[in-house]
Structures are given as structure tokens and as C-alpha cells.
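1. Okay, predicted coordinates and the sequence, questions at the end:
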Amino acid sequence: MANAPPRQRDDFFAHWGTLLTDPAVLARTIVVDGEVAGNILSWDWDQAGTREVGYWIGRTHWGRGVATSALALFLTRMTSRPLYAYVTAHNLGSIRVLEKCGFHRPPPHHPRPDAPDPDGSDEIDEIELVLD
């Protein structure tokens, strides 16, 4: 969804291990036909308790409604609102998933630190969506 740089394998698993032990993080594996298709999680984004949601779906599962179904189910368990999501402007599929699940674009309200851009520039075209 968001424009985040990939981690090396060991760094990824160290970070994931930290997330899974944090009681403020709700993380779930997305399984389709007995195969891991991705993951979805929510965490506290700031000191004020603002919650964010993110997900990753393997490319072989794109365009099959997996993300929409997983997010809709996840939102029945993650009932904290408002819930924020950030997506790069060119990721039209993810924007559509979020909007199908009730997220909308709010008026700008607070800054979010930019994630590094893969091409090395400081400009990131990222959209904020919220579920009230």
C-alpha cells in the first residue's frame, strides 16, 4: 500500500518478530486455499493512540478480491476508529480496496513522516484514507 522500502530478509524477520510481541499490534496471516497469501495488521501510529492499518498481498493473489475480503474481515475484529491507511497515489488497486471497505479521503489533519522513496527522491505521492 504505502511506499516503504523493502527490508533484507533478516531485518524483516527481526522487525516482524518485534511486531508480533507488541500487545498494541493486531496481526493476521491471510490464507487462501490453504496457502499463505499475505498479511494484515494494525498498530498505534503515534503517542496519541492513532491507529493505522496495512496489508501485503502476494502478487499471485492480486485481482481476486483477496485484499478486500481480508480487510473487511479484519475490520470486524479491529473495531478501533478512526483507523488510518496510507497508500501511494499510483496504487489504484489498494485505493479501491480501502474505499470498498468504507475508507475515504479526509481533509488534511496531521502530518505523517514520509517513507523513503525507492528512487531516492524526497517526494512521495501518498494518499491518506480514514475509516470513521
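-> That came in fine, so what should we check first?

2. and the spatially most central residue of the chain, what element?
-> The centroid of the chain falls nearest to residue 54 when counting by C-alpha atoms, centre = their mean (1.3 Å). In the assignment (DSSP states H and E), residue 54 maps to strand 51-57.

3. The one helix or strand residue 99 maps to: how far from the chain's middle?
-> Following DSSP H and E, one finds residue 99 within helix 92-100. Once both centres are worked out by C-alpha atoms, centre = their mean, to the nearest Å, helix 92-100 turns out to sit 11 Å from its chain's centre.

4. Can you name the element that comes right after it?
-> Helices and strands here follow DSSP H and E; after helix 92-100, the next one along the chain is strand 126-131.

5. helices or strands up against that next one?
-> Using 3 or more C-beta pairs under 8 Å, 6 or more residues apart in numbering; DSSP states H and E as the contact criterion, the secondary-structure elements in contact with strand 126-131 are strand 83-88, helix 92-100. (Each C-beta comes from the backbone N, C-alpha and C, glycine too.)

6. quick one: average pLDDT of the helix holding residue 99?
-> Here helix 92-100 scores 97 as its mean pLDDT.

7. So which bits of that helix are buried?
-> 94-95, 97-98 (16 or more other C-beta atoms under 10 Å).

8. mean confidence for the lengthiest strand in the chain?
-> In the chain, with assignment by DSSP state E, the single longest strand is strand 35-44. Confidence over strand 35-44 (mean pLDDT, whole number) is 95.

9. Direction-wise, compare the strand holding residue 54 with strand 35-44 and give the angle.
-> With axes from the mean of the first three to the mean of the last three C-alpha atoms, to 10 degrees as the criterion, the two stretches strand 51-57 and strand 35-44 enclose an angle of 160 degrees.
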